[in-house]
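Undergrad: Structural data only, the sequence is not supplied:
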């Protein structure tokens, strides 16, 4: 297809497509003449993936670039691509991590991970993030909320097993890695938004 | 306590405390002399809450201001404060919502909400967010991932019931509204990070 059709079918304006080409996140089409190129279904798919990551997932172009490099690397399989995606999605927090109370919170998170039998590297950034939140809850004296920690862990364990099983069952590498990215970014958006909707439902029952 | 002690105990530097005072998100202390004021435990608590929202929750100062206004308004109870918090946490997406496919995705989300018996306003921003993600997944041809939608809904329903029940059981209005904010913002941070940790665990098993 010509670039005009790519614009039409993806709904992404021409200047944006040109920007993706310049940034190298969209591979060039096959040249068909001076200033003309032919694009295939893989280009349309790539444009849609970029839009999903940027518009729905909230990723910046630099993060998108990294994710796509990981997808395009034939030596990276589902698990490695997931690692890259998780790393890129980790918003740096500015929480103070120097206090003994914070270190205790981190120990408690590692303890939770051990209790569940999850085999993960203890230096994952997500461990620190959970510690940040746990420490903040405690510093606010909201200790009753920390009783939810085990509920959260149990909940995500069931969910993650199903999610990971679904994408890993894909027959081809390309399909798996794309599903890992889509599932991580878009699944998270769905989970967070649905949780709020469900909270509204239950919360409204208390206001009657 | 003097402002120096507030700095010491909260770990928040003096210029930041002064900024909070200027912005009106931290109420002034009781004047005890020229350029001196006395601060109580409620000031320490407020500073910690602001840090939790900013550092861990990723909220901007404008959003924090709105959340605190909602907490400080004695006419707003748990449910209304939750509504404000959810509204402020909704990151605007730039997804194109004009296509018939997007409208279909939104209908499907509303259908899911009806099937679960959740009584919520259909014009909530979260409904559009779920539709954005669902539409993006479909446009990428990853339709098998949409089978997870019911799993997500079932998962968050159980979780939300427990979360809301816990904070609404608090005896006083101030305790409830603070727990609503803490639970919404920090609970979400925990949920998202723990999901990724659990995914890593299951994902690693497939890479062996």
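TA: On my side now, so go ahead. This one's a predicted model, so the numbers in the text were calculated from it and none came from an experiment.
Undergrad: quick one: residue A:7 from residue A:17, how far?
TA: The spacing between residue A:7 and residue A:17, counted by CB to CB, to the nearest Å, is 6 Å. In this view, the C-beta of every residue, glycine as well, is placed from N, C-alpha and C.
Undergrad: just residue A:95 next, same as before
TA: 39 Å.
Undergrad: Over to residue A:142?
TA: Relative to residue A:17, and taking CB to CB, residue A:142 is found at 48 Å.
Undergrad: could you check whether the lengthiest helix in chain A is close to chain B?
TA: When chain A is parsed with DSSP state H, its longest helix is helix A:173-206. Yes - interface with chain B: helix A:173-206 contributes A:178-180, A:182-184, A:186-204, A:206 (CB under 8 Å from any CB of the partner chain).
Undergrad: packing partners for that helix?
TA: Helices and strands touching helix A:173-206, by 3 or more CB pairs under 8 Å, 6 or more residues apart in numbering or on different chains; DSSP states H and E, are helix A:41-51, helix A:61-72, helix A:78-89, helix A:148-168, helix B:78-89, helix B:125-139, helix B:148-168, helix B:173-206.
Undergrad: for those helices, which one sits closest to residue A:107?
TA: helix A:148-168 (13.1 Å; CB to CB).
Undergrad: what's the spacing between the closest one and its chain's center?
TA: 15 Å (CA atoms, centre = their mean, to the nearest Å).
Undergrad: State the mean pLDDT of that helix.
TA: The average pLDDT within helix A:148-168 is 90.
Undergrad: again, but for stretch A:6-13
TA: pLDDT averaged over stretch A:6-13 gives 91.
Undergrad: In that stretch, which residues are buried?
TA: By neighbour count with 16 or more other CB atoms under 10 Å in any protein chain shown, stretch A:6-13 contains the buried residues A:6, A:7, A:10, A:12.
Undergrad: My read is that the last one contacts residue A:54, right?
TA: The one in question is residue A:12. No - between residue A:12 and residue A:54 there is no contact under CB atoms under 8 Å: 10.1 Å.
Undergrad: which residue sits closest to the residue sitting nearest the centre point of chain A, ignoring its sequence neighbours?
TA: The centroid of chain A falls nearest to residue A:185 when counting by CA atoms, centre = their mean (3.2 Å). Nearest residue to residue A:185, sequence neighbours excluded (CB to CB, 6 or more residues apart in numbering or on different chains): residue A:57, at 3.7 Å.
Undergrad: The one you found and residue A:187 touch, don't they?
TA: No - Residue A:57 lies out of contact with residue A:187 (CB under 8 Å); the separation is 10.2 Å.
Undergrad: Tell me what angle the lowest-mean-pLDDT helix or strand in chain A forms with helix A:125-139.
TA: Here the helix or strand of chain A ranked lowest by mean pLDDT, DSSP states H and E is helix A:78-89, holding a mean of 78. For helix A:78-89 against helix A:125-139, the angle by axes from the mean of the first three to the mean of the last three CA atoms, to 10 degrees is 50 degrees.
Undergrad: what residue ranges in chain A score low on pLDDT?
TA: Within chain A, the stretches with pLDDT under 70 are A:91-93, A:207-208.
Undergrad: let's see it at 80
TA: Filtered on pLDDT under 80, chain A yields the residue ranges A:74, A:76-79, A:84-95, A:169-175, A:206-208.
Undergrad: Now tell me what touches stretch A:173-183 from outside.
TA: A:49, A:52-53, A:67, A:70-71, A:74, A:76-78, A:81-82, A:85, A:163, A:166-168, A:170, B:136-137, B:140, B:142, B:144-145, B:148, B:203 (CB atoms under 8 Å, 6 or more residues apart in numbering or on different chains).
Undergrad: element containing residue A:31?
TA: strand A:30-33 (DSSP states H and E).
Undergrad: any residues touching that strand, and which ones?
TA: A:37, A:38.
Undergrad: Now do that strand: distance to the chain's middle.
TA: For strand A:30-33, the distance to the chain centre is 35 Å (CA atoms, centre = their mean).
Undergrad: do the same with stretch A:106-113
TA: That offset, for stretch A:106-113, works out to 23 Å (CA atoms, centre = their mean).
Undergrad: in it, what counts as buried?
TA: Here stretch A:106-113 shows A:106, A:108, A:109, A:112, A:113 as buried, counting by 16+ other CB under 10 Å.
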